[in-house]
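In: Output the structure for:
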Amino acid sequence: MSESHHDADLGNDNQDFHEIEQRIRAAGSYVRVSDDLRPRTLEAARSVCDDTLFERRMGGFFVCVLLMFCLASPVVELLGDYQSRFSGPSSVEVHRKAAELSRRSDIGTQWGMCEAFSQLRQTQASRFRLPR
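Out: Numbering: from 1, shown residues only. I've put the predicted structure just below:
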């Protein structure tokens, strides 16, 4: 390529750029922003932020539930192991034991109930004693 031909191409390119810039400036008067563009944009941004906030809160909730489940499971198992230590006879069983003691020992029902509770207290005390 010769230098003069190259200069002619540059001049042509400058003219093309100048023409493009003029068209862009002229189009600026044709392009109008609608009146509700800003409110729509803000509403769309709020909607996205609300969705993100909701997803974060739900994620935090599920993490907390999972953590509580992981911590509570061993506690429930431990309580299940000691359930026999903590459970006692029902009121029907205590009344039956009192009636049996009053018949066997020929004592009144009140003293039978007192004796049944005394025996119950002794068995509970023996269950709750710490091993040495």
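In: can you pull the buried residues of the one helix or strand R127 maps to?
Out: Per DSSP states H and E: R127 is located in helix 109-128. Buried positions in helix 109-128, judged by neighbour count with 16 or more other C-beta atoms under 10 Å: G112, M113, E115, A116. The way it works is simple: take the backbone N, C-alpha and C, and place the C-beta from them, glycine included.
In: next structured bit after the least confident helix or strand in the chain by mean pLDDT?
Out: Ranked by mean pLDDT, DSSP states H and E, the helix or strand of the chain with the weakest confidence is helix 83-86, at a mean of 66. Downstream of helix 83-86, the first helix or strand assigned by DSSP H and E is helix 91-105.
In: ok, and for that next one, which residues are buried?
Out: V94, K97, A98, L101, S102.
In: Tell me the gap between that helix and the middle of its chain.
Out: For helix 91-105, the distance from its own C-alpha centre to the chain's C-alpha centre is 51 Å (C-alpha atoms, centre = their mean, to the nearest Å).
In: got the angle for it vs helix 109-128?
Out: Angle between the axes of helix 91-105 and helix 109-128 is 120 degrees (criterion: axes from the mean of the first three to the mean of the last three C-alpha atoms, to 10 degrees).
In: rewinding a little: I'd like the buried residues of helix 91-105 laid out as CSV, including pLDDT and distance to T123.
Out: Shown next, in CSV, are those (pLDDT from 0 to 100; distance: C-beta to C-beta, whole Å):
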residue, pLDDT, distance to T123
V94, 84, 12
K97, 86, 11
A98, 87, 15
L101, 85, 14
S102, 85, 19
